[in-house]
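Engineer: structure for the following, please:
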Amino acid sequence: MGRSGYSRMAIKPWPGRDDQVTEQPQQLRNGLFARSRPSSKEKPEVIERLCQRSEREERGFTLIELMVVVLIIAILIAIAIPTFLGARQRAQDRAAQSNVRNALTAEKTFFTDGQAYTEQASDMTAIEPSLSYTNTAASMAATGNIVYIKVYGTPATTLVVGAQSGSGKCFWVRDTTGAPGTQYLQTSSPCSGSVPNDTTAMTSSW
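Structural biologist: Coordinates of the predicted model:
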């Protein structure tokens, strides 16, 4: 074969390769988009699921659910209020008892110097200025740290101290230098109607 014959030979492409190369990307694109797009059968199901989700989100509480919540809150309030009120009354009683004890301590301090108790407010204020003192039971009140003081005997060796609580109770202490010593009494308000004296029966505690 001569050189001229070789130059006239036509180079034929590989059968079918060009068609396959150009067709494959198109097939891949068609398959990708075909998988991403829902079919006509799937569309109603998707819409139905969206509608159901929207209904669940918009649904509120029923009347029975609201009544159950209100009932639970009422039960909790019924339990909490008596507990709170009881704690408040106990705190008020402790405050009144503390005022009585502080006044009694101040009286004993005064007794150490003069061997007699006093019912003068000025003498007591000089020792315990945080309290207010009165010799009249009608002046007693649950506020203002008012303490009732009254002495008996000559010299004054018997003392009665009282205070009114915010709970409506009256707390009394009677102290005698001899027997029976310190005694206690608890009464109900008004305190002016239950003031003990040097002979009133009292107990060893409130």
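Engineer: scan this structure for its longest helix.
Structural biologist: Across the chain, the longest stretch assigned as helix under DSSP state H is helix 63-114.
Engineer: how about the strands in the chain?
Structural biologist: With strands called from DSSP state E, the chain shows them at 132-134, 146-152, 158-164, 169-176, 182-188.
Engineer: how about the ones you listed, which one is nearest Leu76?
Structural biologist: Leu76 lies closest to strand 169-176 among the strands of the chain, at 29.1 Å (Cβ to Cβ). Quick note: C-beta positions are derived from backbone N, CA and C, even for glycine.
Engineer: elements contacting the closest one?
Structural biologist: For strand 169-176, the packing partners by 3 or more Cβ pairs under 8 Å, 6 or more residues apart in numbering; DSSP states H and E come out as helix 63-114, strand 158-164, strand 182-188.
Engineer: point out the most buried one among the ones you listed.
Structural biologist: Ranked by mean neighbour count under mean count of other Cβ atoms under 10 Å, the helices and strands packed on strand 169-176 are led by strand 158-164, which reaches a mean of 25.
Engineer: partners of that one, with directions?
Structural biologist: Sheet pairing for strand 158-164, assigned by DSSP bridges, gives strand 146-152 (antiparallel), strand 169-176 (antiparallel).
Engineer: C-alpha coordinates for it, CSV please?
Structural biologist: Extracted in CSV, the C-alpha atoms of strand 158-164 (Å, rounded to 0.1, in the frame of the first residue of the first chain):
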residue,chain,number,x,y,z
THR,A,158,-44.4,40.2,142.1
LEU,A,159,-44.5,41.2,138.5
VAL,A,160,-47.1,40.5,135.7
VAL,A,161,-46.0,41.0,132.0
GLY,A,162,-48.3,40.6,129.0
ALA,A,163,-48.4,41.0,125.2
GLN,A,164,-51.0,40.6,122.5
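Engineer: hmm, back to that, in TSV, list the strands paired with strand 158-164 along with mean neighbour count, mean pLDDT and distance to Ala137.
Structural biologist: Putting the strands paired with strand 158-164 into TSV (neighbours: other Cβ atoms under 10 Å; pLDDT from 0 to 100; distance: least, Cβ to Cβ, whole Å) gives the following:
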stretch	mean neighbour count	mean pLDDT	distance to Ala137
strand 146-152	21	97	6
strand 169-176	22	96	9
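Engineer: can I get these in JSON lines with distance to Ala96?
Structural biologist: What follows is the strands paired with strand 158-164, written out as JSON lines (distance: least, Cβ to Cβ, whole Å):
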{"stretch": "strand 146-152", "distance to Ala96": "9"}
{"stretch": "strand 169-176", "distance to Ala96": "5"}
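Engineer: quick one: end-to-end distance for stretch 124-136.
Structural biologist: Using Cα to Cα, to the nearest Å, one end of stretch 124-136 lies 15 Å from the other.
Engineer: can you tell me which of the strands paired with strand 158-164 is nearest to Asp93?
Structural biologist: Using Cβ to Cβ, the strands paired with strand 158-164 put strand 169-176 closest to Asp93, at 6.0 Å.
Engineer: now the angle between helix 63-114 and that closest one, please.
Structural biologist: Interaxial angle of strand 169-176 relative to helix 63-114 (axes from the mean of the first three to the mean of the last three Cα atoms, to 10 degrees): 20 degrees.
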